[in-house]
Structures are given as structure tokens and as C-alpha cells.
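S.K.: Make a model of this:
(2 chains)
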Amino acid sequence: MILSNRNIFSLLLCLISLSAVAQIPVPVDSQKQSILLLNGIAHIGNGKVIDRSAIGIRDGKLEYVLAAFDVRVDSTQFDTVIHIDKKHVYPGFIAPNSRLGLVEIGAVRASRDYDDVGEFNPHVRSLTAYNTESRITPTVRSNGVLFAQVSPTGGRISGSSSVFQLDGWNWEDAVIKSDDGIHLNWPRIRGWGDWSDEKKRKKNQEEYEAELRELKEFFDRAAAYAKKDYHLDVDLRMKAMSGLFLDSQRVYLHADRLNEITDAIYFFDAFPEIKVVLVGGYESWLAAELLKDRNIPVILRRVHSLPMNEDDDIHMPFKLPAMLHKKGLKVALENSGSMEAMGTRNLPFYAGTAIAYGLEAEVAISMLTLNTAEILGVTDRIGSLEAGKDASLFVSNGDALDMMSNELLFALVQGSFIDLDNPQKALYRKYRKKYKP
Amino acid sequence: MKSFFSLFLSLYVSVLLAQDWKPSNGVRDEQEVVRAFEHATIFYNGDYLQDATLLIKDDVIIAVGKSGSFSIPSDAIRYDLKGKFIWPSFIELYSDFGISKRERSQSRTPQLESNKKGPFYYNETIHPEERALDKYSYDQKAAEKYRKMGFGLVSAIEKDGVVRGRSVLLALNDDADLQVLNANSAMHYSFSKGSSRQTYPSSLMGMIALIRQMHYDAKWYAENQSKIDYNESLEAINEYADLPKIIDAQSTLSILRAQKIAEEFDMQFIIKGDGNAYQRLSEVKANGGALLVPLTYPKPYDVSDPFDAMALSLADMKEWELADYNSVWIENEKVPFAFTSDGLKSEKELFTNVERSIQKGLSRERAVEHFTIEAAKLLQIDEISGSLEKGKLANFLITTDSLFKKENQIVSNWVRGQEYSITNANQIEIEGEYNLNIDRLRQFDMVISKKGSKYSAKVGVKGEEMSKATLELNGNRISLNYTIDTTLYRLSGSISDDQSRIWSGKTLINEQWQDWAAIRKARDNKATAEKEKDSTKSEEPQPLPRVFYPNMAYGWDSIPDKPMSIVFRNATVWTNEEEGIKKNYDVVIHDGKIKMVDYKINLDIMFPLIKNQLVEIDLKGKHLTSGIIDEHSHIAISRGVNESGEAVTAEVRIGDVVNSDDINIYRQLAGGVTASQLLHGSANPIGGQSALIKLRWGKSPEEMKIADADGFIKFALGENVKQSNWGDRNTVRFPQTRMGVEQVFYDAFNRANGYKQEAQIYNAKSNRDKKKSSGPRVDLELEALAQILDSQRFITCHSYIQSEINMLMHIADSMDFRVNTFTHILEGYKVADKLREHGAAGSTFSDWWAYKFEVNDAIPYNGAIMHEQGVLTAFNSDDAEMGRRLNQEAAKAVKYGGVSQEEAWKFVTLNPAKMLHLDDRMGSIKEGKDADIVIWSDNPLSIYAKAEQTYIDGILYFDLERSEELARRNLRERERLIKLMLAAKQAGAQTQKVKKKQQKLYHCDDLEQ
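M.R.: Below is the predicted model:
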């Protein structure tokens, strides 16, 4: 990496100086400089790649992303020019459906803020609970994940999620999109373990149907409520649902099994104004035609997970991204499950595994960037290296989807260098000192 | 043998004396009743005596033979059984007939000690002193059910507890004086804790350890009886040591487990599995002992909905298909067994299911014997029952046809000379068309049809439409009501001939009693003939279904056992030896070992003798490594990874509960794993002993174990052992703090020291002195701990926080042993110097953290720092999912801390091999080591690398291409079975709903229940 120009000194400081004491990194200041990144391999996020790129950044935005030999590139127009020959540039990766910032230590109840009491909680929102001081977040962005859709979990309707950039003094300046959608956990067709018991099975089926009726009633009421602009008595739940019918919010439908997925699709046929996103989708490959027909994208269940059934293809979870892509579905990758918040830093590697099992490399990158942004409805600002969007990107020494070469040189959020230090690196330095005084 | 003989004698004598010693009310009944059952076909000695006679006096058989071969006393009551069959009645070895169940305590606070006060064994689930007789009261309804199934004798026990006590042998005779034959029929065991709320044992391995400990205690008790307090439980074990021992093992693999216990104590179990013993039949046979074979064949699953069918595992489908063959194959292997009706929902099932097995090749005669003489032998009562021989109890069945045949009916079940009528033989044949006339004037047609066991009737004027009639049949009494032309006919009468052809009686019409009669028309034989033809048609010989090894998806058609001879050419070889990573290298494997590792090996010179056997595989562009070794794994474990019942459970062994049928074995082979340490969990400071296995998919648990491996044991520290995250009720078990944890160790090792000394004192004695006194009590827990003190067993300790890591090393130092490995050890980087000094290894996670309070300071650089400081370092999984991507985890050592690729790779291969003391045969590509080899498509540390082949001992256990073919085979096999099940459903078989096979995935802190 070669830096040239007058501001080189301050930039170096920015990259190196923080190592001394920092535990939770200091957010970027708002002072914006113009930067030109030259000759990097730019993974645009839309499936394209520019081998020798020129990325112009001004006022926190991408001014242009071109081939370096393009006539329009004029390095004198920028405060800072950074040569990143053969380094990889990616739009900041996005972690959808994440508990990041809602939990600090899984086993400590006091630190858990993702699941509240009650079944129907659309009014509960992650926005104001999101902890910008989490010790976990800096470890996540050190690997290239710069955004997260922070989502409540549990219950039938868990609540509303918001999309954040993983840098900010408080939730207000970290948020990219507030209350982008509500999360619905589709009722489970239960009792797999005990279907030999006919009575129990019947009861399970009845319970499932009752739950569907309850859900239908809830959405019917919400649709009716949304039709009126003004309500004398505000119903917080219904108010929170209104956005679904006004095209400002999505419903994130969590379901894995085929029957549940198809039931849900037909359920939402009755609400054509609602934008539906499927989350989980282990068996969605069997419902691909329906999903495509309804334009429903899939935020696919963690790639590094076990097959759900004993008989399933042993590599099924690894193959699913390629399978769904081949069926023409829009897919993004997510990370919910055990070790969720801290495991978010492994999100890039899920895409890597998907490549090993048949997915084209640039498509895999889209599943962490542009596809995700499109699904979440934040393409105006993030998701790809395209002119006009936020200059929120990172440069890796090598292929960021492979752990051996995922090595961030620097990252920008809205055109400012962010601190890639984290508490774990600080402990590393501290104890190396113990052994090498 | 002596006790057996006296048992028989006492029984026999009691049979004869029963009536004599009891005062009777009124005039004593002195008649000895003799009955002769003549002209029957008698099942005798595995064959049939035609036109034979059975002679009984009171409740004893006095003669059997061809009719006419002996004289029948003049005062005998005679029964002409022409066309009928006589069989010995069945014996049930395992029932809870007439036994009331105890109530289970509802308290939810953990109960660490036995609530049963008194001189009993210290664990509530062990109660050999209990007698079923004391909990028994005759259950007439249940007796009828058993008699309908053909049983004459049942052995009954309360199905509760691990050691349950003695069953009572009962005759199913309603006369209370003729019921109890033996109050000590068999000693019963099981692998389920039952109603005991005592926390220990919480796991299968705990139950196994407890049974073993109890037997050691009993032995010691017998040798020292005079010196120690009376113990009712151990008394019972010793006093009844010669009784047959019946164990409800519940699964096929647990049959093998029970056999292992039996072997240790030189005894034999009669073992009830789950009806799938065929899956491991060669092992079952080799281990010895007898089986109780259940007849609870699964119903076909209802797979008409393909979505339901998706959740059904191939394993369950195959078990459905192969259930019929279980007894056939066991019989072929000549493993002694008896059938049991235990678990059957309906009486009919017994006959239909046995008939199914007969159709699949079990001989009818042997089937009968497995209910009779074989059962009697197992229960050691063949001198008094099990066959129709002179001197045995008069327990027999009279039937219309051969047993188990669909058409057959049991006419009567005689128990100790007393008749219990099951079906009225006359009733069976009334189906047909009749001419009915009343007073010889009114002529009707009548049709009797049969559905199930119910008859229905239609009556009409000749040539006209028939209307429904009400028919009631009681014995041979008939009542029939119908209305024709508004006239109500009410007929009452009886069936008057033994072919049930002629009915006659009286009817009241117009205030006048009149005679009526019905005579059956000659039977049209065509219809029945056709029916029979149909049934033979469906029995076309099908190809014999195959068992997979294991019997599930991705199982083998036959177990591979021949190591391959291969020369791998032009590979990039990660030797893990001084040569490092070599490009264009060759590796020769033969006889399960690595024979040579070199550049361009010349076979003519180096391997002239085996050159022709060596298959050449060109690995240009591929990487070859030794297999991954997972130092910390919890896959392939049955029923509990933690024995959480007590703080110290060094006696339990994962080796007792290895589950060879876990799909995760295959999944991890596909990730390049060849060997694993199956560790006990971290629920207590001193957990159980590990099993070191190779992932020899398809083989039995014992075959998976690594021969001659050192013994290891799990210790644990921190939040899990002090039950921090177990919920609010779990605050009573010591320890609840890290302070307490330390003391648990000191206490345990002090006790172990005392135990050692006792053994030393005894061993120092002269042989003569030794004979005078008995040896010290075998204590399985202290035995394992003493091995640690002697550096014969090695610790892998679950740990996080530096203080506790330090603490355990201090304990070890003070006791003069070494902590072999700290696992997890996420703060190892803080005490790396101390670890190195102590000589402990560190097997850690690559990047896990923040899931518990104690892992807040975990860092992904931990491995790098420990390695840099000279600590032997590994990455492990502790997780079935991560276990198949350990190559990726190793790559994180490169990313976090800059460990070289070569060294990072050793984190998951050579270093764990060293920790497990297996590096003399595994962990690197070196001449003489085991041919545990993985072929990778790419640099194995790369995210893009796939394991293409995995060899263990030179056998190709996983091949990526073949695996894709296996996946297709799975689908074909599913398809085939689904078709069969749909056909069964269409043919009218009762079905059961699909149940999803639950995947049991364990982590360190998972508790059973």
C-alpha cells in the first residue's frame, strides 16, 4: 500500500496511533476529506468486479468507481490518494437478522435485550436498545462487517428491527434505517417428536390452525387500522404495524420448513401491499417457484450449520446459497443461532464456503452486500460501490471471504477512516508485552 | 445347579401339596380329577404327534402319546379333540402383571442422597431387595388378556429402577391358591432410573457404572459380611446370585452394553432390546447371553403426504421393513432367545407379528418354542413347564389350527389343569347362507356374514330383498330379531350340531309358540379357494432386504474391512514432520500403514513385492494431509454426555455409551476428521472417562475405539461445575463457588490416596495372609482417581479463567502429577508461561467468546500466544457442526496472531495427537504411522478446500463422489420403502404418523432429561 499526498501523516496517525490504549474504538469524526483509492480490485457488490479500480470519495460519498485508466480519473482532485495495488475493496458487509448490540454475554440475563414478554410485540424496537458501546461490535467490523440489521427475537412477532452502521456515538447517529420491518416467527407445525400419538398430533394441528387464525385476525386488524390516518386512542401495536401497509416497512417472515413457508406465502397473498422477506428458508428450495412468483427474497439460514434432517445431503447448508441462486431467488446470508452476536465476524466466511460448494464468487459477495441492501431497502446508501452511495467500504490485504487472507488494512464509514482496533486486540497486545517486555 | 434342582423340587412338591395342608370348609374334595384329551394333534418335541392323547391329573401331565399307546383310566373325563391341536402354553418372562406402581415424588429441589432410610444401598434406583410378590395382587382382567395371547405363566416385576428386585412367577389361574409358583423368579435390571428422584445417575453411563459398582460392593460385602453393617440390598444380590438376570436394555447398542457388564462379572443377562438386534447381530452373538425379543413391530408410517414423509428418516423406514426379520436372523445365528409380549398394544398383534416373521423364514415350530420351552429354559423352569411332557404342569392350549395362522383360534387355555375358554369353537363357523323356516311353513333366506369377530345377519322371503336382522350369539345360544311385512319375528334357540350347521328353537308369533330351524346350505368352496389363491399371490418372493451399517442414511451395504494399497503421486504433502510441506511428493500406504513418503518413489526398487497391488492415484493439484484429530468432541454418545448427579463421577465412562449410529460421524469424516476424543461434559468438577475413537463409520462401538490408547478423564472448572447457569433451584450441590471447586479436588485426591494405600498394604501381604483377609473394596471412582495419581490416567480439564487454571496446576504439583491438557482454556494466554512450566497442553477454540461471563476475556489470539510461548496448542470443536470444519478453524490461527500455515495445521492434527498420546501412530505423514489420510481439493486451510477422500487405517471411509452416489441411493431406498408403506396402507394396514428422528447434539454443558 502506498500513500501519497499532504495528508499522509494524519492518515497514518489515524491508522496506527489508536493502538495504544483503545478498547472500544472512538467513532469517526464528521470531518470529511476527499480520497482516491487507486488500483485496488473492486468488488462492486452487484456481481461485477474491476481489477484496477479508481474509487473517488468526496463528502462521505462515492463520487465514482471506475477503471483506473478511465480518462475521468484525476488524482489531483483529492486530498488523499491511496494506492492499493492488488488489494481487495468491498462495500461494507451487512449482517441481517442479528442480535448484535442487543446482547453482551449470552449467559448473563442482565445483558440480554433481544426478547421481551408477550407474543405480539411489533411495537418493541431494537432501535433504542442498540448498544453502540458493545465490546463485541468492534471485533465484528474488524472482519469487514460494517452494518447490521439489529433484530429482536422471540414470540410470534418479535418486534421491529433497524439497520445500523457499526460505528457511532449513539444509536441516533449509527442508524441507517429505523424500524425497517417487523419480524414474524411463523407458527411451527409442531409435534414432530410425537406424531405417533394421534390425539397429540390432532391437537398440534388444531393449535397450529388456531395460531394461524390469531395471526390472520391480527393482520386484518392492522390493515384496518392503517387505513385511517388519525386515531383518537393510539394502539401502539397497530401503529407499529401500519408501516407494513404503507410500503415503508417489510415483514421478515421466519420459517424453515416447506409447509410453513407455503402456508405463509398464501397467507400474505391476502395482503398484497405487504413486502415479504423470508428468513431462514432451509426448505425454501422446494418452494422456489412460489417465492419467485411473489418476488420474495430469502435471508438464508446460517451456512455453517448442520442439515436439519438426518437423511439430508451432508453438505446441504453449504450448497443452499448456490441452489437458491440457480433457482433465480434473491438471497442474502445471515448468522442467527448459537454464538450469534460474536459469531457475526464469521459472516464473510459463510460466503466463502458457499463458493466452495458451487456459487460464483461475485454472487457470493452480493449475498453479503447488494442483495442484502436491496432486501432491507437501504440501497440508497449502502450495499455496493456505486457512485452516490455512502463511502462505507473496506480494503483487505487478500480475499476477505477466506479467513487466511481476510486482513483489513482500513475501512471507511461515510468517507471517514474507522478504528479497526478492538478489545481483543488490546488484550493481545497487553499479554504479548507480558511475555516480551 | 444344585439350587436350581432344589428350586424345581420345591415347586413341584408345592404343586402336589397345595390342597392338602389347607383346612377346608365342609367336606374335603378328595377326588383326583383325570382328564384325557384324545385324537388331537399334539405339539411335542418340536414336532407333531398326530391322533395323540394328553392325559392330566389335577394340574400335572401324566402321559402324552399316540392315542392308544397307553390306557386311559376308567374314571377319566374324556375330550374328543379330533381336528384340534394341543400346544404347551406360553411363558412371559417380562411383565408387570398385577403389580401396582409406586408414586413418584413431586419435589423439584435436587435430591442428592437416597430418601429410602434403612440398611439399603445408597442409591434409590438400586433395590434388589424388593420382591414383586409384595406388590402383587391378581388382576383378573389382565389375566384374561394374557390367556387370550396364549400365556399360562408370567413372571412379573415392577418396571421401576435400575436394579429392580425379584420377579414373581405366576400361573394365570384365577384360584388364588394356584397362582404363585415362585417368589424369586428372576433378578431384574434396566437402563432407566424410574421413579427415583435422586440426582445420580442422570445418564446411561451413570447407570452402567452404578450397576458395576453395586456388583463390586456385593462381592466385597460377601467376603466381609461379619465385619460390616448389614445391608439388605447387597444381601439380596448375593443370596439370589444364581437367579436368571433379565435386563431391559431398550436399544440394540445397549444389548452390547449389557453384555459387557455381564462379561465383567462372569454372569449372563437375558436382554431385552428394541427389536433391532439384527443391526449388530454378529457382536450380539459373539458376546454371549440370551435375548428377549419384543414383538412390537412398528406399523408402517403414513407417508401419503410427501411433506410428512420428508421428516421420516431412512433409519426409521428400514426398521419398519426389517422388524419382521429380527427373530428370523437371530434364530439363524442360534442366539438363544424367548419372545416377549411386552409393549404390545393389542393381543392380536402377537399372533399377526409372529406370523409375519414366520412368513419371512422363521419356522413355525421354533416360533412356538421361543414362547415355551426356550422361555422356560431361560427362566430355569423347564423341568416343570415349557413343553407337554410327563410330570410338567398341565399348561396347554387347544386350538383349531396351527398357532399364529390367521384362521387359527385358541379354543381354550388350560392353566394348571383348569380350563379357560377363549373362543367357543362352535361359534366360528356360522358364516354362510341358510334356509330358515318357522313351523315348517314360512320360508326365509338368511345370510350370516362376518366382519372382524362380529357377525351380522340378513333375512328375507325367498327370492325377495333381504332386510337387516339383529343377531346375538352367547355361547351356542342364538337370538334373532327381524321384521318382514310389518311382522316382527323374535327367534330364540341354539346351535345344535358341532359343525354349527343346524340351528333350532322357539319363537313367539301371534301369541303362539312355534318351532323354527335354520339349516346352512352347502358351502360354495369356490370363493374361499380364490381367497387363498390371492393370499399366496401376494407372497411372491421378494429380494431379501438389506441391513445397512449403520442401518441408516449413508450406511454401508457391507462393512469395509480391507485396507487399500495405494501409491499417491504428485501431491502437496503436509508431512507435519521436519520436511514440512512438500510439493510433488509421493506417499505409499499398505496394510493400513504409511509405508513410504518421498519424492518420486520407484516401486520396482522400493516395493517389488507389493508393487502389483499398489493402485496409483495422481494427486496433481491436490493436498494430502494426515487426518484431523478432534481433541474435544461430544458426537456419537448415547443418552447423556454428562453424569451430572454428583460433583465427582470419575467412575463413569463415555466408552460405555459410544453411539456408532450417529450421522455426525459421517458428516465429520466428510470434514477430514479421522479420530476424536469423546469427552464427558463439564457439569461437575470431576467428570467421566473419555473414549478415544477413530471415525470408523459402520463399525460397532467397540471397533471404533482406538486400541491400547491411554486413559483420559474430564475435569471441569468454573461456571458449569458451580451450576451458575442451571436455574434457581440448582443451588444445593457442593460446590457453588470456585473456592469450593478447589476443595472438591483436594477431597477427591485425598480419598484416592487413602484408597491407594489400602491397596498397597494389601498387595504387600504374603500370599497366605492375602488368603486370610479379603482384598479392599473395589471403588470405581477412586480407582480412576488413583490412576491419575499414578500417571496412568490423564486429565483434560475444561477451564476458562486464569485463576482456576493456576489452581488446578497447584493441586497437581502438590500431588505430583501433571495436568495433561486444559481444554477451552480461553485465558490460557494469560498464564501461558505457567502452562509451559507445568507441561500442560492447551486445546482451545479458535474464536468463541462472550457466551458466558467467564469467557469475556477470551481472545482469538489465544492459540497464537500459547503456541508462541511453547505450550502444545490445539483447536477443538466441542460442537458437531464445527467438528466438520476444523480445517477452517485452524486457518484462524493464521488470521489471528500470524501462526505459520504449517504450524496452524498441526493445531488440528499432530498437536492433538500428542495431547492424546497417539503421536506415535497418528498426526503426521510418516513411515510406520497409521494410514489416516485426507485428500483435499485445495490448501486445507483455505475456505475453498473440500475433503475429497478420508482414509482411516488405509480404508476409504469417505469419498466425495461416492457420497453423492450414496445420497442418491438414500433417495432410491426411501422411494422403495415409501412405495411399500403406501401399499401396506392400501392393503388395509394400520399406519402410524411420521415422527421426526430427533438429532441429539451435545455440548459440554448439556444435561440429560
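
S.K.: which residues in the stretch 251-400 of chain A form helices?
M.R.: Counting by DSSP state H, counting those that start in this stretch, the stretch 251-400 of chain A has helices at residues A:258-269, A:288-293, A:316-326, A:340-343, A:347-356, A:361-366, A:370-376.

S.K.: Packing partners of the second one?
M.R.: Meaning helix A:288-293. helix A:258-269 (3 or more CB pairs under 8 Å, 6 or more residues apart in numbering or on different chains; DSSP states H and E). From N, CA and C alone the C-beta is placed, and that goes for glycine too.

S.K.: Quick check: buried residues in the helix it packs on?
M.R.: Neighbour counts using 16 or more other CB atoms under 10 Å in any protein chain shown place A:L258, A:N259, A:E260, A:I261, A:T262, A:D263, A:A264, A:I265, A:F267, A:F268 of helix A:258-269 among the buried residues.

S.K.: picking that back up, dump the helices of the stretch 251-400 of chain A to TSV, plus mean pLDDT.
M.R.: Converted to TSV, the helices of the stretch 251-400 of chain A look like this (pLDDT from 0 to 100):
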stretch	mean pLDDT
helix A:258-269	95
helix A:288-293	96
helix A:316-326	98
helix A:340-343	95
helix A:347-356	98
helix A:361-366	98
helix A:370-376	98
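
S.K.: how many neighbours does B:S357 have?
M.R.: Around B:S357 there are 26 other residues, counting by other CB atoms under 10 Å in any protein chain shown.

S.K.: Over to the one 5 residues further on?
M.R.: Burial of B:L362, expressed as a neighbour count using other CB under 10 Å, amounts to 24.

S.K.: B:N570 now?
M.R.: That count, for B:N570 with other CB under 10 Å as the rule, works out to 17.

S.K.: same thing with the one 3 residues further on?
M.R.: Neighbours of B:V573 under the rule other CB under 10 Å: 28.

S.K.: Next up, the contacts around residue 186.
M.R.: Defaulting to chain A. Counting by CB atoms under 8 Å, 6 or more residues apart in numbering or on different chains, A:W186 touches A:L253, A:H254, A:A255, A:E260, A:I261, A:D263, A:A264.

S.K.: Oops, wrong one, chain B.
M.R.: By CB under 8 Å, 6+ apart, the contact set of B:A186 is B:L93, B:S155, B:I157, B:R166, B:S167, B:L243, B:P244, B:K245, B:I246, B:I270, B:L379.

S.K.: and the gap between the nearest residue to it once chain neighbours are set aside and B:I99?
M.R.: Closest residue to B:A186 apart from its sequence neighbours, by CB to CB, 6 or more residues apart in numbering or on different chains: B:P244 at 4.4 Å. For B:P244, the distance to B:I99 equals 18 Å [CB to CB, to the nearest Å].

S.K.: Same question for B:R147.
M.R.: From B:R147 to B:I99 the distance is 18 Å (CB to CB).

S.K.: between these two, which one's more packed in?
M.R.: B:R147 (26 against 22).

S.K.: just checking, A:R301 touches A:G280?
M.R.: Yes. Counting by CB atoms under 8 Å, A:G280 is a contact partner of A:R301 at 4.8 Å.

S.K.: what residues are shared contacts of those two?
M.R.: Counting by CB under 8 Å, 6+ apart, the shared contacts of A:R301 and A:G280 are A:D256.

S.K.: any low-confidence regions in the stretch 851-1000 of chain B?
M.R.: B:998-999 (pLDDT under 70).

S.K.: Can I get the buried residues of helix A:258-269 in JSON lines including distance to chain B?
M.R.: Formatted as JSON lines, the buried residues of helix A:258-269 follow (distance: CB to the nearest CB, whole Å):
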{"residue": "A:L258", "distance to chain B": "6"}
{"residue": "A:N259", "distance to chain B": "5"}
{"residue": "A:E260", "distance to chain B": "10"}
{"residue": "A:I261", "distance to chain B": "11"}
{"residue": "A:T262", "distance to chain B": "9"}
{"residue": "A:D263", "distance to chain B": "11"}
{"residue": "A:A264", "distance to chain B": "14"}
{"residue": "A:I265", "distance to chain B": "14"}
{"residue": "A:F267", "distance to chain B": "17"}
{"residue": "A:F268", "distance to chain B": "20"}
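
S.K.: Identify the farthest-apart pair in the contacts of A:W186.
M.R.: The most widely separated members of the contacts of A:W186, counting by CB to CB, are A:H254 and A:D263 (13.2 Å).

S.K.: Look up the closest residue to whichever residue of the stretch 551-700 of chain B sits closest to chain A, ignoring the ones flanking it.
M.R.: Residue of the stretch 551-700 of chain B nearest chain A, by CB to the nearest CB: B:A553 (4.1 Å). What sits nearest to B:A553 in space, not counting adjacent residues and going by CB to CB, 6+ apart, is A:D311, at 4.1 Å.

S.K.: and the nearest residue in space to B:K318 that is not next to it in sequence, how many neighbours?
M.R.: Using CB to CB, 6+ apart and skipping residues adjacent in sequence, the residue nearest B:K318 is B:N551, 5.4 Å away. Applying other CB under 10 Å, we find 20 residues neighbouring B:N551.

S.K.: cool, A:K227 as well?
M.R.: By other CB under 10 Å, the residues close to A:K227 number 8.

S.K.: dump the residue contacts of it.
M.R.: Contacts of A:K227 by CB under 8 Å, 6+ apart are A:F245.

S.K.: repeat that for 10 Å
M.R.: A:S242, A:F245 (CB atoms under 10 Å, 6 or more residues apart in numbering or on different chains).

S.K.: now it: how far from chain B?
M.R.: Using CB to the nearest CB, to the nearest Å, A:K227 is found at 36 Å from chain B.

S.K.: so the one residue sitting closest to the centre of chain A is in which element?
M.R.: By CA atoms, centre = their mean, the mean C-alpha position of chain A lies nearest to A:A95, the distance being 2.2 Å. Under the criterion of DSSP states H and E, A:A95 resides in strand A:93-98.

S.K.: Parallel or antiparallel, which strands does that strand pair with?
M.R.: Partner strands and pairing direction for strand A:93-98 (DSSP bridges) are strand A:145-150 (parallel).
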